[in-house]
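Asker: one predicted model, sequence on top.
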Amino acid sequence: MIMRDDLPIAVIGGGPVGLAAAVHLLARGLPVKLYEAGDGVAASLRDWGHVRVFTPWRYCVDQTAGKLLESHGWQMPEAEAFPTADDLVAVYLEPLARLPEISPSIETNARVVAISRWGADKMRSRGRAARPFMLVVETANGIRRDSASAVIDASGTWLTPNPLGAGGVKAEGEAEFADRIAYGIPDIRGRDRALYAGRTTLVVGSGHSAANALLDLARLAAVEPGTAFTWATRGTDLARLYGGGDADQLPARGELGADIRDLAESGRVGLVTGFATTAIREQHGRLMVEGRTQDGVLELGPFDRIVAATGQRPDLSLTRELRLDLDPWLESVKALGPLIDPNEHSCGDVPPHGHRELSHPEPGFYTVGIKSYGRAPTFLLLTGYEQVRSVAAAIAGDMQAADTVQLVLPETGVCTVPAGAASTGCCGGPAPAEVDACCVADVEAKAAGKKSCGCGCASEMEAAE
């Protein structure tokens, strides 16, 4: 790739990983332009600010960013304390964004809606790498086109939730009744309390977002008469959500799983598993939800509200004119797909990876953060911080640092293998001599078209992606 020294490296997204990317690039003397669509940094985190994450502060702060803050008198919070998303923003990310070294590089209320090359669409190859990137940016003052020598996409997936409908498409009536559907984790006991108190809610989903919503509803029901809720999941095996208990190296994650299991087994919530939503209809002013089960069509309701905690997906329209190499079903960067596929993995370990796995056939373009995982709900901030450290080093030409990638993630304590697979190796037997040997073997098997070895190579994501 031909770098233009007079052009900045564009970082899309002002969340924890995007800000860390900017810090690492600036530390190497590279010009940076960070675009944040919200009116302040970490807008997506503020959307679920009431949720306490299950990673302690020591896992939430990028090392280089922390040192920069400390040089201005900032003090790291108690390392083993668990912040809320609002805490992360107020105590860490906003102070970081205000530092004189980084604040001039940040533009808020600036949404990047498309990326291409100046004078070259996706089809043109000759001289492609020499052409600067062109970013189409929407602001309050209109639309403009900016240039960049390289692009780091840390825009995340929070704003593109999966629909309620089974099969990845909206259920019949989902758009019509969108004003009564909350995607993600509503603030049930806070700003959204009036919408749920004394009403009946359906929660759909089997991840940590669903668990948080359900536990909040249970706490609300204890003090607000008439509050009721039902839980529906597409799958039938909730072992991954219930977690590994004391074996989980993140105790708060294990506690969350144990709490939701206790709730389900207590009878305080009606649990319907194997429910694939197909339609939402109104009946006497309330919502009835229809879905398919192994026993045929089932109708649930009536409900006043629905919480769709069904995960997120990447917005691929942004990069339509770029040459990307994506996993065909996860929509993650292709090299990571076999390592994080939730159909295969649950043990909670991701092998170290950096700029080589996060790059694409489009020279100078990198996907980082949770967007690099596509639809896989298995991301930790530690992963993103190591990703951008490696990418920044590669852009700066320090290939030795870029290729020296180290990442140790806390495991979930949950380990499953596909039905019929031998319980050996990483999941069921002695650990391999190389830390990532099992995952390497799994990648090689999948690439050869063979069945996965079934070892777990992914960690659970933080509270809400």
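Answerer: Structure's in. What do you need? Residues are numbered from 1 along each chain as shown.

Asker: output the below-cut-off pLDDT ranges for the stretch 301-450 of the chain.
Answerer: For the stretch 301-450 of the chain, the stretches with pLDDT under 70 are 345-349, 408-450.

Asker: which residues in the stretch 301-450 of the chain form helices?
Answerer: 337-340, 355-358, 381-395, 399-403, 425-428, 437-447 (DSSP state H, counting those that start in this stretch).

Asker: tell me how far stretch 49-63 lies from the chain's centre.
Answerer: Once both centres are worked out by Cα atoms, centre = their mean, to the nearest Å, stretch 49-63 turns out to sit 14 Å from its chain's centre.

Asker: just stretch 355-363 next, same as before
Answerer: Relative to where its chain is centred, stretch 355-363 has its mean C-alpha point 20 Å off (Cα atoms, centre = their mean).

Asker: now do the same end-to-end measure for that stretch.
Answerer: Taking Cα to Cα, to the nearest Å, stretch 355-363 runs 12 Å from one end to the other.

Asker: per-residue confidence for residue 56?
Answerer: In this prediction, residue 56 carries a pLDDT score of 89.

Asker: likewise the one 4 residues further on?
Answerer: In the prediction, the pLDDT value recorded for residue 60 is 95.

Asker: contact partners for residue 353?
Answerer: By Cβ atoms under 8 Å, 6 or more residues apart in numbering, the contact set of residue 353 is 335-336, 339, 387, 405, 407. The way it works is simple: take the backbone N, C-alpha and C, and place the C-beta from them, glycine included.

Asker: for these, which single residue is the most surrounded?
Answerer: Counting neighbours by other Cβ atoms under 10 Å, the top entry in the contacts of residue 353 is residue 387, with 29 neighbours.

Asker: any idea how far the residue nearest to that one when sequence neighbours are not counted is from residue 86?
Answerer: Once flanking residues are discounted, residue 387 sits nearest to residue 368: 4.6 Å by Cβ to Cβ, 6 or more residues apart in numbering. According to Cβ to Cβ, to the nearest Å, residue 368 stands 24 Å off from residue 86.

Asker: same check on residue 406?
Answerer: When residue 406 is compared with residue 86 (using Cβ to Cβ), they lie 31 Å apart.

Asker: got it, and residue 162?
Answerer: 25 Å.

Asker: the more surrounded of these two?
Answerer: Between residue 162 and residue 86, counted using other Cβ under 10 Å, the more crowded position is residue 162 (19 against 16).

Asker: looking at it, the more buried one is touching residue 171, isn't it?
Answerer: No: here residue 162 does not reach residue 171: they are 11.5 Å apart, not a contact under Cβ atoms under 8 Å.

Asker: could the contacts of residue 353 be laid out in CSV, adding distance to residue 42?
Answerer: Below are those laid out as CSV (distance: Cβ to Cβ, whole Å):
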residue, distance to residue 42
335, 28
336, 24
339, 27
387, 17
405, 25
407, 23
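
Asker: which one of those residues is nearest residue 277?
Answerer: Nearest to residue 277 out of the contacts of residue 353 is residue 336 (Cβ to Cβ; 28.9 Å).

Asker: which residues touch the closest one?
Answerer: Residue 336 neighbours (Cβ under 8 Å, 6+ apart): 327, 353, 357-358, 372-373.

Asker: and residue 109, by the same measure?
Answerer: Applying Cβ under 8 Å, 6+ apart, we find residue 109 in contact with 36-39, 139-140.

Asker: at 10 Å instead, please
Answerer: For residue 109, the contacting residues are 35-40, 43, 138-141, by Cβ atoms under 10 Å, 6 or more residues apart in numbering.

Asker: what's the closest of those residues to residue 230?
Answerer: residue 43 (31.1 Å).

Asker: what residues of stretch 113-125 count as buried?
Answerer: 114-117, 120 (16 or more other Cβ atoms under 10 Å).

Asker: same check, this time on stretch 136-148
Answerer: Across stretch 136-148, burial judged by 16+ other Cβ under 10 Å covers 137-138, 146-148.

Asker: so of these, which ones are in strands?
Answerer: Those of the buried residues of stretch 136-148 mapping onto strands are 137-138, 146-148, per DSSP state E.

Asker: looking at those, spot the one nearest residue 211.
Answerer: Nearest member of those to residue 211, counting by Cβ to Cβ, is residue 138, at 35.2 Å.

Asker: ok, what's across the strand from the closest one?
Answerer: Counting by DSSP bridges, residue 138 is bridged to residue 111, residue 143.
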